[in-house]
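Student: predicted model follows, preceded by the sequence.
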Amino acid sequence: MNQLSFSRSITDTHVRRFVGHHVEGLRNAAHVLGGDEGARLVDDLMECFNRAASPSRRTRRLVVSLHALLHLHNVHDESRAEAGYFAAIDPGDPVVEAICLLADGLSDAIEADLRRGSVSIVVPQAA
């Protein structure tokens with residue numbers, strides 16, 4: 001089960017700052033990996049961050065979904081749109097490095113919040 005909970009204000013987390021600083025890159029990466037739905041995920045997450053100081057279940061779900069998308073958790077499931085988007089990526093395309101850096105950055109932000117005690121998270125591990 002994917003869970004994410006914040007014990008502090010969402011505005012006082014590394015995750016919020018990371019997403020805010022990298023919103024355009026995240027939106028582009030999410031679009032490459034998930035099409036319009038992927039890009040909308042980032043837009044919806046920013047809307048949640050901007051709307052409330054306290055995170056909703058929706059905010060937590062969106063962070064977990066973005067983490068899963070960037071870490072390619074569903075690319076091997078042929079029934080998922082991510083599989084098709086992933087298959088279309090040229091491995092030599094510079095977007096691959098950007099996606100990897102953003103995935104690592106989001107994970108680092110989550111880990112920093114875990115160490116600080118401001119967030120607890122359980123995310124699926126890539127197969």
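Tutor: That came through, no problem.
Student: make it CA atoms for all contacts and neighbour counts henceforth
Tutor: Will do.
Student: for the chain, give me the ranges with low pLDDT.
Tutor: Scanning the chain for pLDDT under 70 picks out 1-12, 53-55, 117-127.
Student: how about a cut-off of 50?
Tutor: Within the chain, the stretches with pLDDT under 50 are 1-3, 9, 127.
Student: work out which residue lies at the spatial centre of it.
Tutor: Geometric centre of the chain, nearest residue: residue 66, 2.4 Å, by Cα atoms, centre = their mean.
Student: sec struct for it, please.
Tutor: Classification of residue 66 by DSSP: H, G, I helix; E, B strand; the rest coil places it in helix.
Student: check contacts around it.
Tutor: Taking Cα atoms under 8 Å, 6 or more residues apart in numbering as the criterion, residue 66 is in contact with 30, 41-42.
Student: change it to 10 Å
Tutor: Counting by Cα atoms under 10 Å, 6 or more residues apart in numbering, residue 66 touches 26-27, 30, 38-39, 41-42, 45, 72, 103, 106.
Student: and those, which two are the farthest apart?
Tutor: Taking Cα to Cα, the two most distant members of these are 45 and 72; they sit 18.5 Å apart.
Student: and those two? Which one has more around it.
Tutor: It is residue 45, of residue 45 and residue 72, that has more neighbours when counted by other Cα atoms under 10 Å, with 23 against 20.
Student: and the more buried one, how far is that from residue 114?
Tutor: 19 Å (Cα to Cα, to the nearest Å).
Student: let me know the secondary structure of the residue lying farthest from the centre of the chain.
Tutor: Within the chain, the residue lying farthest from the chain centre (Cα atoms, centre = their mean) is residue 92, at 22.7 Å. At residue 92, secondary structure determined by three-state DSSP is coil.
Student: quick one, phi/psi of it?
Tutor: phi -90, psi 0 (degrees, to the nearest 10).
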